[in-house]
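> here is a sequence together with a model predicted from it:
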Amino acid sequence: MFKYRNPFIWYIAAIFVLWTLPSAAQEKLSLSEAVARALESNPELAIDEPGRQAANEEFKAAKERYLPRLDFEMSYLAGNNPAFVFSTLLTQQKFTEENFDIERLNSPSAEDNWQTRFTLQQTIWDFGRTRAYREMASLGVQSADRSHEEHVRQVLLAVIDAYYATTLARESLDTAGIAVRSAEAIVSRAEARVKEGVTVEADLLRSRVYLSTARQQEIQARGNLENAKARLNRLMGRPLTQPVGETASLVPFEISLPPEEKLLAEQKQQRPDYQNLLTELKHSELAVKAKKREYLPVLSGYGTWEIDNPLPELSGGDNWAAGVMLNWNLFAGGSDKARIDSSRFRMEQKRRQIQAMESAMELEIRSALVWYRSAEQQVAAAQAAEAQSEEGLRILKNRYDAGLATMTDLLSAETARSSARTQLAEAIYRQRLSYAQVEYVAGILSPESPAVNLH
């Protein structure tokens, strides 16, 4: 039995095996896996998280308006103003009988004062202002969450598009490769027939031009595939040049669509962008109420504790004060009314946006259903055309070999076959994407929906 004993041969063989492993073991990438990766690492979705956290912090801040406020203040002041000196000596508890001297009262010596103060403030009643701002902040959290849901739906639709676009580009490249090999075979036939003297040189030149065109189309198809892979990688949050894996083939499928009436009935409850607009309307209504309450007074309590020292290291006096305060803005130059009117206009704007969106959503449903049914019919037509073009090419090849057809006839048949294959792949791509569009405009597109899990 013959054995290889040269270690160099074994080294080369090992390198070859290791080099071919990645391509041999290339994993398939399902649409559901691509969606899962996008939901985990998509750069656009990552933008939403800080905004959602900010909305939650704003809600926390709104709730904390119910709590008291404690301020610390420290200041230094010096001077010989009679009133200042008199009050400083009192607060430092350094006032004596000598300070009643008229001369010293009128022309006192300069005094230093280090003042430390703690102030506690608590709103007792503000006629619902704080409650309104808290509810507005809560709606802000809901709005941020629904905006994220809408971005998720947009990413899902983009991933479905990019995934099938990658498959379409790969199958277009395969079709272009078949066209190149077929063109090479036609050139070989033409060369043989020229040598046999049964055809003219012009046929050979025409076949070579066709081969050159087919090679250019193959180069373009390869570039389209690279761009499609890069787009899909970006949506999945991966390096653009990373291998994508083998995407599922574009094969026709049949699926029953829900009735249009059912889609329209559920659309308003399912669409996060519509629900978000309703939330914004509620926010506008609360803003109007909050602005109206600016006309009402605010009842609050306060307390202070103050320490006054001549120097930081010397002891002085301390005092406290507490009370209740009613603050009522009676006139602010008309700015309050202007803010209320502005809020009312914003509220009316949201109402009109909702009306406009409702009619737009109905149109989107109808258009998406029309596009899907049209794509379904195009697939059936393209399947028939592809089968006919294949049979037509086979017949013309036999006729050309028998001298019963011209080179022009053969090249036209080859072009028709390539075009039919491409049109079939494009029709299936449109069918799958239009079905995903139906789910998207109906608000039911999700990682678990049929559009993501078609087999």
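Perfect, thanks for sending it.
> ranges for the strands of the stretch 1-150 of the chain?
Ranges of strands in the stretch 1-150 of the chain, per DSSP state E, counting those that start in this stretch, are 28-29, 69-79, 111-125.
> out of the ones you listed, which gets nearest to residue 158?
The closest of the strands of the stretch 1-150 of the chain to residue 158 is strand 28-29. By CB to CB, the value is 15.8 Å. Every residue, glycine included, has its C-beta placed from N, CA and C.
> mean confidence for that closest one?
Averaged across strand 28-29, the pLDDT comes to 89.
> what strands flank that strand, and is each parallel or antiparallel?
strand 246-247 (parallel) (DSSP bridges).
> buried deepest among the strands of the stretch 1-150 of the chain, which one?
strand 111-125 (a mean of 16; mean count of other CB atoms under 10 Å).
> quick one: that strand to strand 69-79, angle?
Interaxial angle, strand 111-125 versus strand 69-79 (axes from the mean of the first three to the mean of the last three CA atoms, to 10 degrees): 160 degrees.
> ok, back up a step: save the strands of the stretch 1-150 of the chain as a markdown table, and put in distance to residue 285 too.
Below are the strands of the stretch 1-150 of the chain laid out as a markdown table (distance: least, CB to CB, whole Å):
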| stretch | distance to residue 285 |
| --- | --- |
| strand 28-29 | 47 |
| strand 69-79 | 29 |
| strand 111-125 | 23 |
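> for residue 150, which of these is the nearest?
With respect to residue 150, and counting by CB to CB, the nearest of these is strand 28-29 at 25.8 Å.
> contact partners of that closest one?
163, 244, 245, 246, 247, 248 (CB atoms under 8 Å, 6 or more residues apart in numbering).
> please repeat the previous calculation with a cut-off of 10 Å.
Residues from elsewhere that reach strand 28-29 (CB atoms under 10 Å, 6 or more residues apart in numbering): 37, 163, 166, 232, 236, 243, 244, 245, 246, 247, 248.
> help me confirm that the fifth one comes into contact with residue 244.
Just to be clear, that refers to residue 236. Yes: between residue 236 and residue 244 there is a contact at 8.5 Å, judged by CB atoms under 10 Å.
> shared neighbours of the two, anything?
With CB under 10 Å, 6+ apart as the test, residue 236 and residue 244 both reach 29, 34, 162, 163.
> any low-confidence regions in the stretch 101-250 of the chain?
Within the stretch 101-250 of the chain, no stretch has pLDDT under 70.
> can you read off the pLDDT for residue 5?
Per-residue confidence (pLDDT) for residue 5: 45.
> whoops, residue 448 was the one
Residue 448 carries a pLDDT score of 90 in this model.
> so it, which of the three states?
What DSSP: H, G, I helix; E, B strand; the rest coil gives for residue 448 is coil.
> got it, and residue 301?
strand.
> wait, isn't it in contact with residue 321?
No: if you go by CB under 10 Å, residue 301 and residue 321 don't touch, sitting 11.6 Å apart.
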